[in-house]
Every structure is written in structure tokens, then in C-alpha cells.
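>>> Sharing a model that was predicted from the sequence below.
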Amino acid sequence: MELNKALEALRDLESTLAVCRHAIGVLSYDGETIAPRNSAVGRGKTTAYLAGIEHELLTGAKTRDLIDTLSASADQLDDCTRRRVTLIRRDADDLTLIPAKEYMDYQQLLAEASGVWHVAKPANDYAAFAPYLERIIDYNIRYAQRKDPTKAPYDVLLDTYEEGACMADLDPFFDLLRTELTPLILEIKGRPRPDDSFLHGCFPIERQRAFSDRLMALMQLNRDDCSIGETEHPFTEGLNKHDVRITTHYFENDVTASMFSVIHEGGHAMYELGSGDELEGTYAAGGSTTGIHESQSRFYENLIGRSEAFCHAVLPIMQELFPAQLQGVTPQMLYRAFNVAEPSLIRTEADELTYGLHVLVRYELEKRMLSGALKVKDIPGEWNRLMHEVLGVTVPDDRRGALQDTHWASGLVGYFPSYALGSAYGVQMLERMQQDMDVYALVAKGDIAPITAWLRQRLHRYGKLYAPADVFKNVFEAPFDPSKYTTYLKDKFSALYGL
């Protein structure tokens, strides 16, 4: 095949795959938000059919010939095209390991598992979800063993989400979090708890929806390209750079639960919306890795949203929408309330200091699940034990325990470490950014645009063009150093609690 014809065929392949994935993404978003409860089986069949088309496209002889032709001419390709070919080859190699019917059946399983989870969680019915989780774990173990039988299955899955990640690196990372942060958490327990009662009154849902709109405006999220929906577990669906959908969940007695979800998911949306126009519809569009993606959501949620400077910007909006609840509250009071640090049950509502230990619990569970040492039926008991051991909390039920996250129901086994890595990555991004601008002076004025522009210039516009090591060079201009993250947390919370 001539090179020009191969390049044209590459664009056609990417366009067709983008169409399939767009349709699958819309189906998934619909199932998580507005679809009726009994729609999962039918939706799963449609998803499986589309996944079968994707499988056929990526594993067929025509695509293999195309990849081989382009790879043989790699020295004649630009950097972007070489990266696209590398990414397509990786997915094609992975799918070649899985028979088409098995892959399609798995996609249907995930659609059904998600539907069951949405019912099982509020009903506190782990037994109803467990058979689906068993099949999901079994599939992931089989896939990992096929991909690289010389590696532990969990290492294979970790690398799928965060290129280069493995237990040998993550074990010391999580050990650092536990060793460095646990003494501080224990010391804070003995200090007076800041008053956050004004954040837990009655906040009408309609007013909270208006607050979400104002937060998205403050973040300068383009509403023509980014919508917001409601779901049990907040997430972001990036369909393309002109169709990004964030979600939230409202609690009438807690205005911050949705607030920080909107800011977190808004950070994901910023990344997707900032992908370069020239990457749209190609394999290089989207985010580099899940850890880098989470660095953006955690950056906006915590480094911006929980900063004292942001309290100056957001408090007037909150007092306008909730005048009775926020009467007499100052930015300093709001800052302390936003940063109450205490062990809790729910990861998505955890404070910045204890959050990494929530992820540690899931990391330890996944390691044992993928090694076969932990059976699905025993997960709730082990979850509860680890939550008590690591965070000192007693889990009252599975709804607030092993059923609280949607990730396993969606097949995202190996994703959780990305949250802790992303939190740490964000601190180094902030450190480098502060060399170029007074970040918090801008935030205090509600001027987020220069911050987003900096991230867009150094990270967002490159999509998947860079592997994590190259992202560090381009954004951090230094190797990843997790001690910067623990130092940041110790400095911030020691100051907050007068330690």
C-alpha cells in the first residue's frame, strides 16, 4: 500500500472508530443518567453490537496490514501520526487477544452490571451485585494473562490505565502517603473541629442546580460544548471536544457534595475541551492517561476549589443563592469549613488530607482480587476491615462501603490509583505554574482563564500525544516527586489546625 493511501485509510479507520465510540458513550451516559431502570439489557445488546464492529475493525487483516505499512514508514511520518499508529497498534494487539464474542458479551455484561449496581447500592444489596462483579474480575484476569502471562494480572491492568504503572512503584507511593499522613491525621483528631454547620442546612435542589450553573460559568466551561446531568455517582463522558457531559449528585443537606463534584468533573471537561482541533476524530484526541486526567479534576477541585483564594471568589455567589444559610460567613470561615479534615466513609466526599487513604484501601483490595487471594463474596468484610485499620472508621453498611463506587461495575479495575497519582501530579503542576503567575491572586478575583490557558498550552492541547514521562518533562519540567504532594498536605493542614 502506498504511504498516501495508507494515511487516508488511517483517517477513515479513526473516523469509523470515533463514530462507534461516540455512540457507545452516549448509550453509557444515558444509562447512568436518565434511562429507565429496566433498560440495561436492551442497551447492553446495542452496546455489544457496536463493540463487535469496533473489534472487527481493529483486529481485521486490513487494519493489521495498514498498521504494518505505516510502522515500516515511521521515519516518514510526523510525530502525531507516529503516536496515533502506536496507540492503534496497542488497542489492536489487545483486542486480538480476545475473541469477538467474548468481547461483545463483556460489553453487554458491563451495561447490565451498571444497571444492577444502580439498584443494589441504594438497596444495600451487595448479594445482587456480587455475581456480576465475579464475572468482571474473571474477565479482567483472563485478559491480563493473555496479554502478558509473565506479569501479575494487576500490573497488566495498572499499565492499561496509567502507562508504566506497576505495583513495584505504587506500593512505595502508597506507603509514603500512609506513613507521612497518618500521624498528621491523628494529631488533627485532638484539635477543635472547625465549624462547618452552615454548609449542612437545607439547600433546595433547584438552588443548587443554579449554583452548578454559576460554578461552570466561573470555570468558563463553554455550555455549548459541555452539559451537566444528574446521576448516582458523578462522572464525565468526553464524547469529543464539542460534546463533553459532566454529572453531579445533589444532597439537600450538603451543598458542598455537589459543588466539589461539579468542580472536579469540570476539571475533566477542561482537559477534553482543550484537546487540539487537529486531533479531533483521531486516536490522539482526549487525555494522556487516567492519572493525568485525574490531575486536572483534582487540580481544580482541591488546589483551586478548596483554596482560601477561591473562597473570596465563590462566597458572594453562595450568599446570593443561599442568603439565609451563609449569612455572616466570611471567606476565612468558608476556607476552614471547606477543609475540615477527618476520616469519613465516602471517598468522593473525603477531605483533601484523608482522600489518598481511601484510594489506598481500594488499591489493596484490587491487588488481592486480581491475585485470587480475595474472593468477591469476601470483599465487603475486607473493605470494612481495611477502612477501620487505615482510616479508623466503622462501615455501617455496604451502601457506604463496598457498593459506594461505580468503577468496578463499569469494568474499571485498576483505575483507582489514578486518583491518588493525579492528586500528586497536580501539586507539581501548581508548583511550576506559580513560577509564571500569581495563581492565587487570580483565583481570588475569580479569574480562572489564565490558569486554564497555562494548562491548555502545556498539556490539554496535546491530547494523547505524550506518555506520562513526557508529560512530566513538558509540564513539570522535572521528574515526578511524590514527596512534594505529602509536603504540600502537611504544610497546608498544619497551618489550618495550628500544629
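Thanks, I have the structure now. All values derive from a computational prediction rather than experimental measurement.
>>> any idea of the pLDDT on Glu349?
Model confidence at Glu349, given as pLDDT, is 91.
>>> any idea which element the nearest residue to it once chain neighbours are set aside lies in?
Spatial nearest neighbour of Glu349, excluding adjacent residues (Cβ to Cβ, 6 or more residues apart in numbering): Ala257 at 5.6 Å. Heads up, the C-betas are built off the backbone N, CA and C, glycines and all. Using DSSP states H and E, Ala257 maps to helix 255-273.
>>> Remind me what that helix packs against, helices and strands.
helix 205-218, strand 226-230, strand 236-240, strand 243-248, helix 290-298, helix 449-458 (3 or more Cβ pairs under 8 Å, 6 or more residues apart in numbering; DSSP states H and E).
>>> Would you mind telling me which of these is nearest Gly281?
Minimum separation from Gly281 across those (Cβ to Cβ) falls at strand 236-240, 7.3 Å.
>>> Direction included, what does that closest one pair up with?
With DSSP bridges as the test, strand 236-240 is paired with strand 243-248 (antiparallel).
>>> buried ones in the strand it pairs with?
Going by neighbour count (16 or more other Cβ atoms under 10 Å), the buried part of strand 243-248 is 243-248.
>>> Tally up the residues packed near the residue nearest to Glu349, please.
Neighbourhood size, Ala257 [other Cβ atoms under 10 Å]: 21.
>>> wait, it sits on Phe251?
Yes. Here Ala257 lies in contact with Phe251, judged by Cβ atoms under 8 Å, at a distance of 4.9 Å.
>>> tell me which helix or strand of this protein sits lowest on mean pLDDT?
helix 468-471 (a mean of 82; mean pLDDT, DSSP states H and E).
>>> outside of that one, which residues touch it?
162-164, 288-289, 291-292, 459, 480 (Cβ atoms under 8 Å, 6 or more residues apart in numbering).
>>> Break down the stretch 251-400 of the chain into its helices, ranges please.
For the stretch 251-400 of the chain, applying DSSP state H, counting those that start in this stretch gives helices covering 255-273, 290-298, 308-321, 331-338, 355-371, 379-391.
>>> between the fourth one and helix 255-273, how big is the angle?
In terms of direction (axes from the mean of the first three to the mean of the last three Cα atoms, to 10 degrees), helix 331-338 departs from helix 255-273 by 90 degrees.
>>> same check, this time on the third one
For helix 308-321 and helix 255-273, the angle between their directions (the same axes, to 10 degrees) works out to 120 degrees.
>>> How about Cys202: what's its closest non-neighbour residue?
Glu252 (6.2 Å).
>>> how far away is the one you found from Gly201?
9 Å (Cβ to Cβ, to the nearest Å).
>>> which residues touch the residue nearest to Arg37 when sequence neighbours are not counted?
Nearest residue to Arg37, sequence neighbours excluded (Cβ to Cβ, 6+ apart): Val119, at 6.6 Å. By Cβ under 8 Å, 6+ apart, the contact set of Val119 is 37, 125, 128.
>>> Report the next helix or strand after the strand or helix carrying Val119 in sequence order.
Assigned by DSSP H and E, Val119 belongs to helix 100-123. Per DSSP H and E, helix 100-123 leads on to helix 126-147 as the next helix or strand towards the C-terminus.
>>> That next one packs against which elements?
Against helix 126-147 (3+ Cβ pairs under 8 Å, 6+ apart) you get helix 100-123, helix 153-161, helix 355-371, helix 379-391.
>>> Now do that helix against helix 153-161, angle only.
For helix 126-147 against helix 153-161, the angle by the same axes, to 10 degrees is 80 degrees.
>>> Can you tell me what sits against helix 126-147?
Helix 126-147 is contacted from outside by 94, 97-98, 102, 106, 109-110, 112-113, 116-117, 119-120, 151, 153-154, 156-157, 369-370, 372, 376-377, 379-380, 398, 402-403, 408-409, 411, 413-414, using Cβ under 8 Å, 6+ apart.
>>> Need the helices of the stretch 251-400 of the chain in JSON lines (columns: mean pLDDT).
Below are those laid out as JSON lines (pLDDT from 0 to 100):
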{"stretch": "helix 255-273", "mean pLDDT": "97"}
{"stretch": "helix 290-298", "mean pLDDT": "96"}
{"stretch": "helix 308-321", "mean pLDDT": "98"}
{"stretch": "helix 331-338", "mean pLDDT": "98"}
{"stretch": "helix 355-371", "mean pLDDT": "98"}
{"stretch": "helix 379-391", "mean pLDDT": "98"}
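>>> possible to save the ones you listed as JSON lines with distance to Glu431?
Formatted as JSON lines, those follow (distance: least, Cβ to Cβ, whole Å):
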{"stretch": "helix 255-273", "distance to Glu431": "18"}
{"stretch": "helix 290-298", "distance to Glu431": "13"}
{"stretch": "helix 308-321", "distance to Glu431": "16"}
{"stretch": "helix 331-338", "distance to Glu431": "21"}
{"stretch": "helix 355-371", "distance to Glu431": "18"}
{"stretch": "helix 379-391", "distance to Glu431": "28"}
